[in-house]
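1. what follows is a protein structure lacking sequence information:
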Ligand code: GN1
Ligand code: MG
């Protein structure tokens, strides 16, 4: 890890790097914890930015700096990035891009949460959106059309048309099921075009494991800010439930384990509605159950497109990984779909 130590030393750190170890479960960037002066607690986090996906690293870091500065000015916790000794917010080693942030001590991440923690998470994400609602400087759309389901369906169609690695024949069932629901699931984009649905500054990757909790279940800080950009509030609400209300992992091979947990839904919705009180429009509120369906749907589309394209986007651990993810997300979608009416009823519609 000598090379990684040297990279960390390019930043304005205090002390001497003694160890760098892999950390986290992200599918996009590579993350490491950095130990200083022989301590057994990490002090910094080193991350290699996946610049195949985040191609404009200047825009990326500029967005993140705007967001973290804004949150910090309001006296709330957020990630703190270090500058390099040359005064830049990332280091380019001639091939790869790196950044360093302060490790948040005594924090815990979860892959699964209880209803009680979901309530708190709902409030935190609602408050995160409220905090950023008055951000004056515009943010760049770091991944254009990131949560645009019409665009994601187009990418899937393009992947099918090309059928680069001959996988389309294996997945016809999923393609049929997805396209059957196209009209219903593209509602958000239509409401946007009709001027009925706004875009707001959203986090856009509100997976459970992108939140740091303390040991009492309070959210210390929201992490993984790469995708903060203008989007429908559905993004944050829906993506959280996609991971939190799933009774299983996003890549469980046993589909019988996958269900959509209504207790988590109820608790998270309660927190989210409290956290967004005062700015959420009726059209946004009334379509939250749609958002709860949209995200498992969109993630199925994205995993499936990547599988058909020969696994070029998400990190995989074995050859069928993206197919397994597709199947598990689709099962989650079906389970959520069965509960759609109940979801509406439980939030008062
Ligand atoms: C990616 O990096 P990570 O694992 O937090 C992805 C999300 C997906 C998620 C699926 C930039 O997030 O959009 O929902 O994997 N991030 C990007 O687990 O594509
Ligand atoms: Mg992450």
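-> Yep, that arrived. Since the model is a prediction, treat every value here as computed from it, not as a measurement. Ligands and ions are numbered 1, 2, ... in the order given.
2. what's around residue 134, how many residues?
-> Counted with other C-beta atoms under 10 Å, residues neighbouring residue 134 total 9. For glycine as for every other residue, the C-beta is placed from the backbone atoms N, C-alpha and C.
3. from ligand 2, how far out is it?
-> Distance, residue 134 to ligand 2, by C-beta to the ion, to the nearest Å: 26 Å.
4. what's the answer for residue 203, then?
-> On the measure of C-beta to the ion, residue 203 and ligand 2 end up 11 Å apart.
5. list the contacts of that residue.
-> Applying C-beta atoms under 8 Å, 6 or more residues apart in numbering, we find residue 203 in contact with 125, 128, 129, 210, 222, 225, 227, 228, 235, 236.
6. the third one contacts residue 237, correct?
-> Pointing back at residue 129 there. No: using C-beta atoms under 8 Å, residue 129 is not in contact with residue 237; the gap is 9.4 Å.
7. which one's more surrounded, the two?
-> Between residue 129 and residue 237, counted using other C-beta under 10 Å, residue 237 has the larger neighbour count: 32 against 22.
8. what helix or strand is the more buried one on?
-> Counting by DSSP states H and E, the element that carries residue 237 is helix 234-244.
9. and if you look at residue 344?
-> Counting by DSSP H and E, residue 344 is part of helix 340-346.
10. which residues touch that helix?
-> 262, 265, 266, 269, 288, 289, 292, 293, 336.
11. pretty sure the third one is touching residue 115, no?
-> Right, the one you point to is residue 266. Yes: using C-beta under 8 Å, residue 266 makes contact with residue 115 at a distance of 7.3 Å.
12. ends of stretch 317-325, how far apart?
-> With C-alpha to C-alpha, to the nearest Å as the measure, stretch 317-325 spans 11 Å from end to end.
13. check what contacts it and list those residues.
-> 167, 170-171, 250-253, 299, 303-304, 306-307, 311, 314, 316.
14. ditto for stretch 64-84
-> When contacts are defined by C-beta under 8 Å, 6+ apart, stretch 64-84 is touched by residues 10-13, 44, 61, 89-91, 99-102, 104, 128, 131-132, 135, 137, 139, 201, 220-223, 225-226, 228.
15. could you list the buried residues of stretch 312-323?
-> Residues of stretch 312-323 classed as buried: 313, 314, 316, 321, 322, 323 (neighbour count, 16 or more other C-beta atoms under 10 Å).
16. follow-up on the earlier one: the helix holding residue 344: how far from the chain's middle?
-> Remark: helix 340-346 is offset 25 Å from the chain centroid, using C-alpha atoms, centre = their mean, to the nearest Å.
17. count the neighbours of the residue of the stretch 51-200 of the chain found nearest ligand 1 for me.
-> Per C-beta to the nearest ligand atom, residue 53 is where the stretch 51-200 of the chain lies closest to ligand 1, at 5.7 Å. Here the count is done by other C-beta under 10 Å, and residue 53 has 15 residues near it.
18. against ligand 2, how distant is it?
-> Residue 53 is 13 Å from ligand 2, where distance means C-beta to the ion.
19. and residue 262, what pLDDT?
-> On the pLDDT scale, residue 262 is placed at 98.
20. which residue is the nearest non-sequential neighbour of it?
-> The shortest distance from residue 262 to any non-neighbouring residue, by C-beta to C-beta, 6 or more residues apart in numbering, is to residue 339 (6.2 Å).
21. and if you look at residue 115?
-> The shortest distance from residue 115 to any non-neighbouring residue, by C-beta to C-beta, 6+ apart, is to residue 267 (3.9 Å).
22. could you say which helix or strand holds that neighbour?
-> Using DSSP H and E, residue 267 falls in helix 262-275.
23. can you give me the angle that helix makes with helix 234-244?
-> On the basis of axes from the mean of the first three to the mean of the last three C-alpha atoms, to 10 degrees, helix 262-275 is oriented at 150 degrees to helix 234-244.
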